[in-house]
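>>> Have a look; sequence and predicted model below, questions after that.
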Amino acid sequence: MDLARLRTLRELSLRKTMASVAEALLISPSAVSQQIALLEDETGIELVERRGRGVRLTPAGQRLVEHAGRVIGILEEAKTDLAELKKTVAGELRVAAFPSVAASLIPPTIRALSARFPDLMTTFEELEPTDSLAALRAWQTDVAIVDDLTTASGLSEAQVETLHLLDDQLHVLLPPGHRLAERDHVTLEELASERWALDTNSSTYSDVIVGACRDAGFDPIINGRCHSFEVVRAMVEAGCSVSINPGLRGRDYIGSLLLKQIRPAIIRRIFVTFRSGERRNPAVAGFVTELQSVAAAMNTQAAPAPG
């Protein structure tokens with residue numbers, strides 16, 4: 001059976017729609033449908049059932065996906081074995097991370113790794129933590145940087161190895177001149193009457209913020225559902241809203257905005273993940289080593305100064 005078609009079926013089992021598989025594999029939805037049809041012709045049995053805009057695997061499709069996962073895993077293990085034997089570390093290493101951590105950790109890590117292994121091409125893709133773990137499981141990335149606030153359940157998977165990098169404390173983001181501007185820290189309860197702008201590019205992250213507000217006894221009044229931090233920043237800077245900002249992002253330029261510590265603190269733990277056993281791959285091992293060095297240096301730096 002054709003390996004590319006097996007990968008496509010496996011992606012479909014994870015992502016549920018032809019469109020999302022097409023986006024993940026960088027092909028058209030019609031090409032995904034054709035790959036599945038060819039695989040059904042090849043096996044002589046129906047593998048998927050179409051349900052509205054989505055699809056569901058038949059029992060035969062589910063069984064084939066289980067076999068495909070083992071086959072692909074064996075091939076990836078073979079690639080790791082061969083990479084371990086190579087004297088020159090070369091080829092491509094694929095890395096995924098979410099924006100607020102990627103901006104701080106990825107560029108210096110890639111720069112250090114390129115100096116160490118000039119024949120290795122490290123490519124980076126910006127993905128939210130849940131998508132990064134899905135890409136790791138689907139062999140679409142080799143290393144994923146995630147956090148425990150948005151991917152807690154995925155971090156316990158047997159096929160994924162996890163290493164702690166650093167802790168990141170969330171901060172309240174206020175406009176200049178705000179009534180709490182002189183405070184070193186604030187409680188969420190003190191922001192119950194405020195209007196909020198949230199970065200909803202990651203629905204899981206915005207759900208964490210909404211959940212924290214509810215735990216503090218109120219539903220946030222959301223007047224900005226934004227798909228980038230730049231828009232959140234503009235809403236806060238104009239005095240339209242307040243927001244919550246990752247500490248790592250606070251190390252970047254935030255203009256005249258004020259960062260205030262939250263009490264009690266909300267802390268997310270940042271991890272680097274890779275498939276079990278793949279730290280034997282010199283490229284993966286080298287990246288993880290450089291990443292840990294960059295994270296350790298950041299841990300020794302001062303946290304973002306309040307306001």
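Nice, I can see it. Residues are numbered from 1 along each chain as shown.
>>> Find the residue closest to the spatially most central residue of the chain in space, skipping its chain neighbours.
Central residue of the chain (Cα atoms, centre = their mean): P129, 2.2 Å from the mean position. The shortest distance from P129 to any non-neighbouring residue, by Cβ to Cβ, 6 or more residues apart in numbering, is to V146 (3.9 Å). For glycine as for every other residue, the C-beta is placed from the backbone atoms N, C-alpha and C.
>>> same thing with I145?
Nearest one to I145, counting by Cβ to Cβ, 6+ apart, is A97 at 3.8 Å.
>>> same check, this time on M298
Leaving aside its sequence neighbours, M298 is closest to L166 (6.1 Å, by Cβ to Cβ, 6+ apart).
>>> Can you verify my assumption that that neighbour contacts A297?
No. Assessed by Cβ atoms under 8 Å, L166 is found out of contact with A297, at 9.9 Å.
>>> give the contact list for the residue nearest to the centre of the chain.
F98, A144, I145, V146, D147, T150, T151, S202, T204 (Cβ atoms under 8 Å, 6 or more residues apart in numbering).
>>> Distance check, the fourth one against F271.
Read it as V146. 6 Å (Cβ to Cβ, to the nearest Å).
>>> which helices and strands does the strand ranked longest in the chain pack with?
The longest strand of the chain (DSSP state E) is strand 160-174. The contact analysis (3 or more Cβ pairs under 8 Å, 6 or more residues apart in numbering; DSSP states H and E) places strand 160-174 against helix 99-116, helix 129-137, helix 229-237, strand 243-246, helix 247-250, strand 258-262, strand 267-275, helix 282-299.
>>> just these: most buried one?
Mean neighbours per residue, mean count of other Cβ atoms under 10 Å, is largest over the helices and strands packed on strand 160-174 for strand 243-246, with a mean of 25.
>>> What are the contacting residues of it?
For strand 243-246, with Cβ under 8 Å, 6+ apart as the criterion, the contacting residues are 100-101, 168, 170-173, 196-199, 209, 212, 232, 235-236, 254, 259, 262, 266, 268.
>>> circling back: against which helices or strands is the helix or strand that the longest strand of the chain is followed by packed?
Going down the chain from strand 160-174, the next helix or strand is strand 185-186, by DSSP states H and E. Packing partners of strand 185-186 (3+ Cβ pairs under 8 Å, 6+ apart): strand 258-262.
>>> can we see that at 10 Å?
When contacts are defined as 3 or more Cβ pairs under 10 Å, 6 or more residues apart in numbering; DSSP states H and E, strand 185-186 packs onto strand 160-174, strand 258-262.
>>> rewinding a little: so what's the predicted local confidence for the residue nearest to I145?
Listed pLDDT for A97 reads 94.
>>> same check, this time on the one 10 residues further on
For P107, the model assigns a pLDDT of 95.
>>> For it, which residues are in contact?
Contacts for P107 (Cβ atoms under 10 Å, 6 or more residues apart in numbering) come out as F124, V294.
>>> give the contact list for E42.
M1, D2, R5, L6.
>>> Test my guess that the first one contacts A68.
By that I understand M1. Yes. Contact status for M1 versus A68: in contact at 8.4 Å, counting by Cβ atoms under 10 Å.
>>> any shared contact partners between the two?
With Cβ under 10 Å, 6+ apart as the test, M1 and A68 both reach L9, L39.
>>> Look at these two and report which has more neighbours.
A68 (21 against 13; other Cβ atoms under 10 Å).
>>> D2 versus that one, what's the distance?
Counting by Cβ to Cβ - A68 and D2 are separated by 11 Å.
>>> Quick check, pLDDT for A152.
Reading off the model, A152 has pLDDT 62.
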